[in-house]
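Trainee: Have a look at this prediction, sequence included:
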Amino acid sequence: ILLTGNTVIDALLYMLGRLRREPELATAVAAQLPRLRSDKRLILVTNHRRENFGPGMGQVARAIAELAQRPDVEIIFPVHLNPNVQAAFRARLGLFPNLHLIDPVPYLPFLYLMDRCHLILTDSGGIQEEAPSLGKPVLVTRAVTERPEALESGTARLVGTDSQAIVREASRLLDDPAAYRAVQDLANPFGDGQAARRIVDHLMSQAGEG
């Protein structure tokens with residue numbers, strides 16, 4: 001068994017490199033999104049898991065509403081099209097001028113948002129794998145996660161769906177620069193962008209031995 005890392009991280013870093021090297025591409029991607037203020041720290045939110053339907057999403061919405069009252073943040077939330085998710089968030093969160101509820105976006109705009117944001121509040125497994133490569137702390141709105149490596153490495157923290165816990169941990173990352181840097185500087189346990197090269201090198205070496 002050869003441990004290579006996840007090829008998703010290879011793709012992430014490749015496309016991130018393009019966004020950062022090609023201003024015209026970044027401009028075109030940004031044009032697909034609401035205008036974001038440069039003087040506020042951006043919180044990126046996703047929430048869609050069935051286990052959170054009902055009271056869980058209600059608690060997450062309450063936490064988002066409390067965070068939206070901070071004058072130093074802006075929040076963007078691509079809201080899943082599932083009617084249960086739409087009902088849980090759109091009615092509760094539609095009145096904050098610094099909170100953007102948008103439709104789900106394609107990969108490149110979402111990558112742009114991950115790179116642009118200060119921290120991420122999510123129940124997505126894929127984001128738990130990708131965000132550490134961008135130095136973005138992840139607060140996981142679940143009781144458990146299938147990515148224990150993220151918890152063990154410290155790149156993600158389980159906060160569940162309790163609104164007070166979510167606000168407390170988000171506020172810590174917003175208000176304590178040392179706590180933020182401690183997460184930002186951690187290596188991604190899921191890969192370093194070299195998985196494809198390791199796979200090819202291994203296959204080529206095996207072919208040579210054959």
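Mentor: Cool, got the structure. Residues are numbered from 1 along each chain as shown.
Trainee: What is the burial count for Q194?
Mentor: By the criterion of other CB atoms under 10 Å, Q194 has 15 neighbours. In this view, the C-beta of every residue, glycine as well, is placed from N, C-alpha and C.
Trainee: hmm, I was thinking of P132
Mentor: P132 has 26 nearby residues by other CB under 10 Å.
Trainee: Equivalent analysis for the one 3 residues further on, please.
Mentor: By the criterion of other CB under 10 Å, G135 has 15 neighbours.
Trainee: thought it was touching Q184?
Mentor: Yes. Assessed by CB atoms under 8 Å, G135 is found in contact with Q184 at 4.3 Å.
Trainee: Which parts of this structure are helices?
Mentor: For the chain, the helices defined by DSSP state H cover 7-21, 23-30, 55-67, 83-93, 107-116, 125-130, 148-153, 163-175, 177-184, 195-209.
Trainee: okay if I get those as a markdown table plus distance to V140 and mean neighbour count?
Mentor: Shown next, in a markdown table, are these (distance: least, CB to CB, whole Å; neighbours: other CB atoms under 10 Å):
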| stretch | distance to V140 | mean neighbour count |
| --- | --- | --- |
| helix 7-21 | 18 | 16 |
| helix 23-30 | 26 | 13 |
| helix 55-67 | 11 | 20 |
| helix 83-93 | 17 | 16 |
| helix 107-116 | 15 | 18 |
| helix 125-130 | 6 | 20 |
| helix 148-153 | 8 | 16 |
| helix 163-175 | 10 | 17 |
| helix 177-184 | 13 | 14 |
| helix 195-209 | 23 | 12 |
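Trainee: Need the CA coordinates for the lowest-mean-pLDDT helix or strand in the chain. CSV is fine.
Mentor: Within the chain, no helix or strand scores below helix 195-209, which has a mean of 90 by mean pLDDT, DSSP states H and E. Output of helix 195-209 as CSV, limited to C-alpha atoms (Å, rounded to 0.1, in the frame of the first residue of the first chain):
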residue,chain,number,x,y,z
ALA,A,195,-0.4,12.8,-5.0
ALA,A,196,-0.7,12.4,-8.8
ARG,A,197,3.1,12.5,-9.2
ARG,A,198,3.6,9.8,-6.5
ILE,A,199,1.0,7.6,-8.2
VAL,A,200,2.6,8.0,-11.6
ASP,A,201,6.1,7.5,-10.3
HIS,A,202,5.0,4.3,-8.4
LEU,A,203,3.2,2.9,-11.4
MET,A,204,6.1,3.6,-13.7
SER,A,205,8.5,1.9,-11.2
GLN,A,206,6.3,-1.1,-11.1
ALA,A,207,6.1,-1.3,-14.8
GLY,A,208,9.9,-1.1,-15.0
GLU,A,209,10.2,-3.9,-12.6
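Trainee: by how many degrees do that helix and helix 7-21 diverge?
Mentor: With axes from the mean of the first three to the mean of the last three CA atoms, to 10 degrees applied, the angle from helix 195-209 to helix 7-21 works out at 130 degrees.
Trainee: Determine the set of other helices and strands touching helix 195-209.
Mentor: helix 7-21 (3 or more CB pairs under 8 Å, 6 or more residues apart in numbering; DSSP states H and E).
Trainee: now for the helix it packs on, which elements pack on it?
Mentor: helix 23-30, helix 107-116, helix 125-130, helix 195-209.
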